[in-house]
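Trainee: compute the structure for the input listed below.
(chains A, B, C and D)
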2 protein chains.
Amino acid sequence: MNPTILVVEDEPAIQELLAINLKHAGFLVVRAGSAEEGENAIRSALPDLVILDWMLPGQSGVSLAKKLRQDERTRELPIIMLTARVHEEDKIQGLEAGADDYVTKPFSPKELVARVRAVLRRRAPHLAGEAVEFGGLALNPSTHRVTVNGQNLDLGPTEFRLLFFFMTHPERVYSRAQLLDEVWGDHVFIEERTVDVHIRRLRAALEPSGHHERVETVRGTGYRFRGN
Amino acid sequence: MNPTILVVEDEPAIQELLAINLKHAGFLVVRAGSAEEGENAIRSALPDLVILDWMLPGQSGVSLAKKLRQDERTRELPIIMLTARVHEEDKIQGLEAGADDYVTKPFSPKELVARVRAVLRRRAPHLAGEAVEFGGLALNPSTHRVTVNGQNLDLGPTEFRLLFFFMTHPERVYSRAQLLDEVWGDHVFIEERTVDVHIRRLRAALEPSGHHERVETVRGTGYRFRGN
DNA sequence: GGCGTGCGTCACAGATTTGTAACATTCGCA
DNA sequence: TGCGAATGTTACAAATCTGTGACGCACGCC
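Mentor: Down below sits the predicted model:
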């Protein structure tokens, strides 16, 4: 549930500084010492945000940013550029490369974390702990509350996580196996049919408000959350 | 714990005057020379109050105020407008923009600080060192007293801090670990279950007045203080 | 030193949640 | 229409989590 941040930075000291502060702010941190390493990390597990040093040995940060913007899979990935320069042309280049924000070295850890939060809020509100809503059905991760038109709704822990996952990944089918991975956690050894039961429980809880119809069965495949 | 105030003012002399007086009154001050800079500052770290000059080069103060009122995140942010004009239509515009108060130039530093305090008292009592209250349950940090409808209530030190934290952070779930960090202090080595016991003690103290129901258990996650 | 208060930990009971199996129903297809 | 597979529904026992009372320790005060 905590956002994962990939730090691509070649100077060990700065990398460490970034990692410590981000971790302390509740983020999960993955590190890479070069653009190439960064690419690998992204390939193996998509982070929620990338902090990218402008200057890197080998492939530069700008060049990696451009690459990420071209790939379908990483097009929406928020990027924060880390730069020692403050020249205007760099900002323009950076904007063209598609960075969401800048932090110039030297930076205060507080500012950095704040900018990360700000970018997440803009690009992926739910990762920043803000409410997700679909037609009156709202789920707020930070208050851990589900409301229907302002009215509170009680959900068990698992149903809450299940609904949260659905609401943050609407309009997409997920197999029972995928749901087990995403909602229960990787590599749990649980019967797939168990998902059905929790779907049932979730539907039962949503029933009075009619929102149970959003939880759609895709026969032979799995389940999907309808957003509109 | 000291409130942070963002000053958005383009004239360096006035900015300085504001900053000095606010600092002297115990506030932390962040400065911005334009509406754009102000926006950035707010994005990176939400202040507790904004002092906004009416006339600014580029985007005007009124326009920024409107923008802040539209954004979910800054809707509740108290705003004090700083204006040289005293015309009626300006006040109306300002009210529409959602300012909490006005200070007309030239202003006395004393008056300014007083207005800042007043607005904070109204919008965020605990930042002004005043009592926080929810439906008859009041906690006063400066007198270190808790009252229910005026009646005194005895709380142990830990319960007091716990309740204070809850009342200043209502409507949000906190895990036992977070509560330990926030109420007991960072990096203490205490069993998480200890939190339960103090929750219990707090509830017991609140029980006679019925306010114990505000301390809600969020199964599998932690606790939450209900404000309404 | 004796005493009271506050605090952290533990143990146990009760409540809630959860996974599974069993049975019922629906769906798609021939 | 009839059949098999997929899904819906229910009940229940196990597992987990939380509430609560009790206990011992530490500290400050007299």
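Trainee: any idea which helix or strand carries the closest residue to DNA strand D within chain A?
Mentor: Residue nearest to DNA strand D within chain A (Cβ to the nearest atom of the strand): A:Thr217, separated by 3.6 Å. C-beta coordinates here come from the backbone N, C-alpha and C atoms, glycine included. Assigned by DSSP states H and E, A:Thr217 belongs to strand A:215-218.
Trainee: quick check: phi and psi at the most centrally placed residue in chain A.
Mentor: Of all residues in chain A, the one closest to the mean position by Cα atoms, centre = their mean is A:Asp48, 3.9 Å from it. Phi and psi for A:Asp48, reported as degrees, to the nearest 10, are phi -90, psi -20.
Trainee: please tell me I have it right and it contacts A:Pro78.
Mentor: Yes: counting by Cβ atoms under 8 Å, A:Asp48 does reach A:Pro78; the two are 7.4 Å apart.
Trainee: overlap of the contact sets of these two?
Mentor: Applying Cβ atoms under 8 Å, 6 or more residues apart in numbering or on different chains, one finds that A:Asp48 and A:Pro78 are jointly contacted by A:120, A:124.
Trainee: what about the helices in chain A?
Mentor: Here chain A has its helices, by DSSP state H, at A:12-24, A:35-44, A:61-70, A:88-97, A:109-123, A:157-168, A:176-179, A:193-206.
Trainee: which of those has the lowest mean pLDDT?
Mentor: Among the helices of chain A, helix A:88-97 has the lowest mean pLDDT, at a mean of 64.
Trainee: A:Pro57 reaches A:Asp10, doesn't it?
Mentor: Yes: if you go by Cβ under 8 Å, A:Pro57 and A:Asp10 touch, sitting 5.6 Å apart.
Trainee: what touches both of those two?
Mentor: A:Ser34.
Trainee: so for the two, which sits in the more crowded spot?
Mentor: With neighbours defined as other Cβ atoms under 10 Å in any protein chain shown, A:Pro57 and A:Asp10 compare such that A:Asp10 has more, 17 against 11.
Trainee: next one: that one from DNA strand C, what distance?
Mentor: 42 Å (Cβ to the nearest atom of the strand, to the nearest Å).
Trainee: how about the contacts made by that residue?
Mentor: By Cβ under 8 Å, 6+ apart, the neighbours of A:Asp10 are A:33-34, A:53, A:56-57.
Trainee: most neighbours among those residues, which one?
Mentor: Busiest of these [other Cβ under 10 Å] is A:Asp53, holding 27 neighbours.
Trainee: so what's it up against?
Mentor: A:Asp53 touches A:8-11, A:14, A:61, A:81-83, counting by Cβ under 8 Å, 6+ apart.
Trainee: now the nearest residue to the residue of chain A closest to DNA strand D once chain neighbours are set aside, which residues is it bridged with?
Mentor: Using Cβ to Cβ, 6 or more residues apart in numbering or on different chains and skipping residues adjacent in sequence, the residue nearest A:Thr217 is A:Tyr223, 6.1 Å away. Using DSSP bridges, the bridge partners assigned to A:Tyr223 are A:Tyr174, A:Thr217.
Trainee: measure A:Tyr223 to chain B for me?
Mentor: Using Cβ to the nearest Cβ, to the nearest Å, we find A:Tyr223 at a distance of 22 Å from chain B.
Trainee: tally of neighbours for that residue?
Mentor: A:Tyr223 has 21 nearby residues by other Cβ under 10 Å.
Trainee: quick revisit: greatest separation within the contacts of A:Asp53: which pair is it?
Mentor: Within the contacts of A:Asp53, A:Glu11 and A:Met81 form the most distant pair, 15.2 Å apart (Cβ to Cβ).
Trainee: between those two, which one's more packed in?
Mentor: More neighbours surround A:Met81 than the other of A:Glu11 and A:Met81, with 25 against 14 (other Cβ under 10 Å).
Trainee: what's near enough to touch the residue nearest to that one when sequence neighbours are not counted?
Mentor: Once flanking residues are discounted, A:Met81 sits nearest to A:Ala99: 4.2 Å by Cβ to Cβ, 6+ apart. By Cβ under 8 Å, 6+ apart, the residues touching A:Ala99 are A:52, A:65, A:79-81.
Trainee: can you do 10 Å?
Mentor: Contacts were defined as Cβ atoms under 10 Å, 6 or more residues apart in numbering or on different chains; by that measure A:Ala99 touches A:50, A:52, A:54, A:61-62, A:65, A:69, A:78-83, A:91, A:93, A:119.
Trainee: among those, which one sits closest to chain B?
Mentor: Of all the contacts of A:Ala99, chain B sits closest to A:Val119, with 9.0 Å by Cβ to the nearest Cβ.
Trainee: thinking again about what came up before, out of the helices of chain A, nearest to B:Leu127?
Mentor: Of the helices of chain A, nearest to B:Leu127 by Cβ to Cβ is helix A:109-123, at 18.8 Å.
Trainee: so does that closest one get close to chain B?
Mentor: Yes: Helix A:109-123 reaches chain B (Cβ under 10 Å from any Cβ of the partner chain) through A:110-119, A:121-122.
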